[in-house]
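# Coordinates for the following, if possible.
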Amino acid sequence: MNEQESYCSNCGHKLGPGAEFCSECGQRVAQPQVQQQQPQPSQQPATPAQPQQQPQAASSSNPAIWIGVGIFAFLVIVLVIAAVGGLWLFSARAPQTSQPATVQATEQAAEAEVATVPATTEEAATPAATVTPAPAAPVAAPVPAPPAQVTVPNVIGLSSGDAADRLANIGGFQIIYNPSRYSDQYAKGAIIAQNPRGGAVVRPGDVVYIVEGLGPAPAPPPRRVAAPKPRRTVSGGQGELAAYTRTRRVTNGDLNYRSNWECTLIRNEIYARHGRPFNNRQIRAWFMGQSWYQPTSNFSESWLSSVEKRNAEFIANYQKRTYGTPATRP
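The predicted structure is shown next:
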């Protein structure tokens, strides 16, 4: 048998037999320490014991193998439990879904006997479908009787006491008095209104509202009319400066050719017609010289008409715009 071929561990070149160095790269070749004996052709090769024991030792010391074995065992247990549970459920449902053959046969025989019994005359005339008893009809609840009703009496015109007695005796009504009011048709103390009205149909004991009259309304007190205030109007006479101030509105054209003193006299002439006394000596002396002027102590500006009031104010404003201040002397 040929010797085992060897190769250089550095460059992979094939080595010759017994070579100590690689002829290609010069790398020293490691020689095997122990030469394995080749079995003789006539002898049976012995089974090595050590190689068989090494895998067992390796497998016994490897934790991954034990983990795999545990997982496999767990899965087997789960499958067994599931199979047992399925068999138990199937056996528990079997009596509900199926019946023994003997029970079915007994029921079929009983049905056959019932079918062979001859029907009576009434049963023969009635279809088979009507033999089945109809379901019992539900019992209707008792209908409550309608409540009793009474007619409300008409108590308008009766006294308050008679109306209350009549309403209580006829229907036991509850009475509520609304505020009283005057009525020219009924005397004091009589019922003048009710709700519900007479003739209405209601339940006994309902509320009836009534109104007690106060009699005819008293006459209103006489209206007091204030006495008219005394009014003194003096008509103008000879020497009146501007008689138009009592009838129409004064304009700027009426005053443009007048002096400041004349404007003062025209403005106070409006008051002098009604008897106003003047404190200014110059103004008083002027009007005291007029025959139509008659002063009075109870003078009131309310005696002036709206036109006269407007003209007096217009002339005063004209004097302020034109002359700065109204004149008090000639």
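# Could you use CA atoms for every contact and neighbour count after this?
OK.
# so Pro179 sits in a helix?
No. Assigned with DSSP: H, G, I helix; E, B strand; the rest coil, Pro179 falls outside any helix and is strand.
# what's around it, how many residues?
9 (other CA atoms under 10 Å).
# Need the nearest residue in space to it, chain neighbours excluded.
Sequence neighbours aside, Val211 is the residue nearest to Pro179 in space, at 6.4 Å (criterion: CA to CA, 6 or more residues apart in numbering).
# surely the one you found meets Ile175?
No. Contact criterion CA atoms under 8 Å: Val211 and Ile175 do not qualify, at 10.3 Å.
# Between the two, which is the more surrounded one?
Using other CA under 10 Å as the criterion, Val211 and Ile175 rank with Val211 on top: 20 against 16.
# Assign the more buried one to helix, strand or coil.
Val211 ends up strand, using three-state DSSP.
# ok, now which ones touch it?
Tyr177, Asn178, Pro179, Ser180, Arg181, Ile191, Ile192, Ala193, Gln194 (CA atoms under 8 Å, 6 or more residues apart in numbering).
# any idea how far Thr151 lies from Gly189?
For Thr151, the distance to Gly189 under the criterion CA to CA, to the nearest Å works out to 24 Å.
# Report the separation between Ile176 and Ala193.
In terms of CA to CA, Ile176 sits 12 Å off from Ala193.
# ditto for Tyr318
For Tyr318, the distance to Ala193 equals 71 Å [CA to CA].
# got it, and Lys320?
Note on Lys320: its distance to Ala193, by CA to CA, is 72 Å.
# got it, and Ser159?
12 Å.
# Break down the protein into its strands, ranges please.
6-7, 14-15, 150-151, 174-181, 191-195, 201-202, 207-213 (DSSP state E).
# Confidence-wise, which helix or strand of the protein is lowest on average?
helix 121-125 (a mean of 44; mean pLDDT, DSSP states H and E).
# quick check: domain ranges of this structure?
For the chain, automatic domain parsing gives the domain ranges 1-27, 156-213, 243-323.
# Put together a markdown table for those domains, with mean pLDDT and distance to Gly86 on each row.
Putting these into a markdown table (pLDDT from 0 to 100; distance: least, CA to CA, whole Å) gives the following:
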| stretch | mean pLDDT | distance to Gly86 |
| --- | --- | --- |
| domain 1-27 | 75 | 64 |
| domain 156-213 | 90 | 73 |
| domain 243-323 | 91 | 121 |
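# possible to save the ones you listed as JSON lines with distance to Trp66?
Output for the domains of the chain, formatted as JSON lines (distance: least, CA to CA, whole Å):
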{"stretch": "domain 1-27", "distance to Trp66": "38"}
{"stretch": "domain 156-213", "distance to Trp66": "96"}
{"stretch": "domain 243-323", "distance to Trp66": "129"}
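# Now do the buried residues in stretch 308-323.
Glu308, Lys309, Asn311, Ala312, Phe314, Ile315, Tyr318, Gln319 (16 or more other CA atoms under 10 Å).
# Between all of those residues, which two are separated the most?
Glu308 and Gln319 (16.8 Å; CA to CA).
# Can you show me the helices along this protein?
Ranges of helices within the chain are 50-61, 63-97, 101-116, 121-125, 160-171, 252-255, 260-272, 281-288, 306-323, based on DSSP state H.
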